[in-house]
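Novice: pasting the sequence and the predicted coordinates here, then a few questions.
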Amino acid sequence: MTIRILVTGGAGFIGSHYVRTLLGPAGPADVAVTVLDKLTYAGNPVNLDEVRDHPGFAFVQGDICDAVLVDGLLAEHDQVVHFAAESHVDRSILGAGEFVRTNVLGTQTLLEAALRHGGSKSFVHISTDEVYGSIDFGSWPETDPLRPNSPYAASKAAGDLIALAHHRTHGLDVRVTRCSNNYGHHHFPEKVIPLFITNLLDGRKVPLYGDGGNVRDWLHIDDHVQGIELVRTRGRAGEVYNIGGGTELTNKELTALLLEACGAEWDSSVEYVTDRKGHDRRYSVDCAKIRDELGYEPRKDFATGLAETVTWYRENRAWWEPLRSARHSSAVSPPFERRTGAP
Ligand code: NAD
Ligand code: TYD
């Protein structure tokens, strides 16, 4: 029997990779996918070109906050994999309204519709490691309390908790994943890796926030999709699963690797800029649970994944150039001032 999966935010960076993988040659044979996406600045229909003609694919342009639309879609689907979100921390610092609307109210709208149509529907909620806050040493297990700092992280934490509450209160089959920083192709050029690559390919400088000592764990999108599929197919209802990539780097270390891959020099290409407000120092998830329970292991070696990502941006200017010019002309630009020299 075919499983009908509703993928919200499936025109974005991670969601589109998930859909391309599910409907690609190595994907499961028993699924049909409907993407529900509002196509905000971050959603790009081109990301779904590869699967557009697949007989199991459908696309609906719409808002996860639209209760009538969502109710109709939930009636027709067996599972939800919920990616749709406002996802950029810097934008949330400039204004949190859309973050609360989509990440909290949109999530609640989907959950209530799932509940109304009940049965054996399962709901995989894609959360983030940023809900835990910032950690100087060690790594967070899933049992750690949530202490989000940015408006983005706070809105994701609210969505994550309202999802779990629907399991505890109503018995809905909710599974939550909390992943680290994703990287790969089709990543909107406002996040650090695609922003720095596209700047360097254009001979521009890259803006490094603060002292460049903030640490992120990098997870390739192939590994993230592997983790989500393990949770969707074999995870337990009401459980949270951390998904990490196993490569922790300071932003300085990451920048040096990107400069090398793009053939640029530090002194002429890096501009230290004023730090992001409330900038989380380090994220680090403990992935023992998903490894021991579901057999998850990140497979993509970081050097290979980064080289492939740089090559993709080199070869796909037609994808990112229009997005970059939109970014530069938008009212949303990073809240930094230029500084010269190292901090
Ligand atoms: P993205 O910004 O690239 O894509 C988000 C998608 O959601 C876009 O296609 C957008 O059009 C759609 N969307 C936004 N608001 C909507 C609404 N109201 N209704 C319907 N669609 C809407 O994000 P991403 O990087 O692909 O992230 C996907 C999910 O993974 C998000 O929930 C994010 O919080 C989470 N996450 C991302 C990362 C990362 O490193 N990118 C890390 C941890 C968690
Ligand atoms: P980002 O890609 O925005 O992801 P997140 O804030 O969700 O981790 O940023 C990753 C790291 O890179 C973060 O420590 C902030 C830093 N950064 C810069 O130094 N310069 C930039 O222009 C951006 C966008 C991020």
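Specialist: Structure received. Ligands and ions are numbered 1, 2, ... in the order given.

Novice: who in the protein is up against ligand 1?
Specialist: Residues of the chain lying near ligand 1 by CB under 6 Å from any ligand atom: 8-9, 11-15, 37-40, 42-43, 63-65, 83-87, 102, 106, 126, 128, 156, 179, 181-182, 188. Every residue, glycine included, has its C-beta placed from N, CA and C.

Novice: can you select the buried ones from those residues in ChimeraX?
Specialist: In ChimeraX, this line selects whichever of the residues of the chain next to ligand 1 come out buried by 16 or more other CB atoms under 10 Å:
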select :8,9,11,12,13,14,15,37,38,40,42,43,63,64,65,83,84,85,86,87,102,106,126,128,156,179,181,182,188
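
Novice: pLDDT score for the closest residue to Glu130 other than its chain neighbours?
Specialist: Excluding the flanking residues, the one nearest Glu130 by CB to CB, 6 or more residues apart in numbering is Ala153, at 3.9 Å. Looking at Ala153, its pLDDT is 99.

Novice: so which elements touch the one helix or strand Ala153 maps to?
Specialist: Following DSSP states H and E, one finds Ala153 within helix 151-170. Applying 3 or more CB pairs under 8 Å, 6 or more residues apart in numbering; DSSP states H and E, we find helix 151-170 packed against helix 89-94, helix 97-99, helix 107-117, strand 122-128, strand 173-179.

Novice: for Ile64, what are its contacts?
Specialist: Residues counted as contacts of Ile64 (CB atoms under 8 Å, 6 or more residues apart in numbering) are 8, 36, 38, 70, 82, 84, 102, 106-107, 109-110.

Novice: which stretches of the stretch 201-343 of the chain form helices?
Specialist: Taking DSSP state H, counting those that start in this stretch, the helices of the stretch 201-343 of the chain run over residues 221-234, 251-262, 266-269, 288-294, 302-315, 317-329.

Novice: next one: the closest residue to Tyr132 other than its chain neighbours from Glu130, what distance?
Specialist: With sequence-adjacent residues excluded and distances taken as CB to CB, 6+ apart, Tyr132 is closest to Trp140, at 4.5 Å. Relative to Glu130, Trp140 is positioned 11 Å away (criterion: CB to CB, to the nearest Å).

Novice: could you do Asn149 as well?
Specialist: Distance of Asn149 to Glu130, computed by CB to CB: 8 Å.

Novice: who's more crowded, these two?
Specialist: Applying other CB atoms under 10 Å to Asn149 and Glu130 shows that Glu130 carries more neighbours, namely 23 against 19.

Novice: pop out the phi and psi values for the more buried one.
Specialist: Dihedral angles phi and psi of Glu130 (degrees, to the nearest 10) take the values phi -70, psi -10.

Novice: do I have it right that it meets Ser155?
Specialist: No - applying CB atoms under 8 Å, one finds Glu130 not in contact with Ser155, separated by 10.2 Å.

Novice: point out where the chain drops to low pLDDT.
Specialist: Along the chain, the parts satisfying pLDDT under 70 run over 119, 326-343.

Novice: and it, which residues reach ligand 2?
Specialist: Within the chain, the positions lying close to ligand 2 (CB under 6 Å from any ligand atom) are 89, 181, 191-192, 195, 207-209, 214, 216, 251, 276, 334.

Novice: what subset of the residues you listed is buried?
Specialist: 89, 181, 191-192, 195, 207-209, 214, 216, 251, 276, 334.

Novice: can you pull up the bridge partners for the closest residue to Asn242 other than its chain neighbours?
Specialist: Nearest non-adjacent residue to Asn242, counting by CB to CB, 6+ apart: Val285, 3.9 Å away. Note on Val285: beta-bridge partners Trp140, judged by DSSP bridges.

Novice: which residues touch the residue of the chain found nearest ligand 1?
Specialist: Closest to ligand 1 within the chain is Gly12: 2.1 Å, counting by CB to the nearest ligand atom. Counting by CB under 8 Å, 6+ apart, Gly12 makes contact with 37, 42-44, 47, 83-84, 87, 188.

Novice: please tabulate those residues in a markdown table and include distance to Tyr313 as additional columns.
Specialist: Below are the contacts of Gly12 laid out as a markdown table (distance: CB to CB, whole Å):
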| residue | distance to Tyr313 |
| --- | --- |
| Asp37 | 23 |
| Ala42 | 17 |
| Gly43 | 19 |
| Asn44 | 15 |
| Asn47 | 14 |
| Phe83 | 22 |
| Ala84 | 25 |
| Ser87 | 19 |
| Phe188 | 12 |
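
Novice: need those residues in CSV with secondary structure, can you?
Specialist: Below are the contacts of Gly12 laid out as CSV (DSSP: H, G, I helix; E, B strand; the rest coil):
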residue, secondary structure
Asp37, strand
Ala42, coil
Gly43, coil
Asn44, coil
Asn47, helix
Phe83, coil
Ala84, coil
Ser87, coil
Phe188, coil
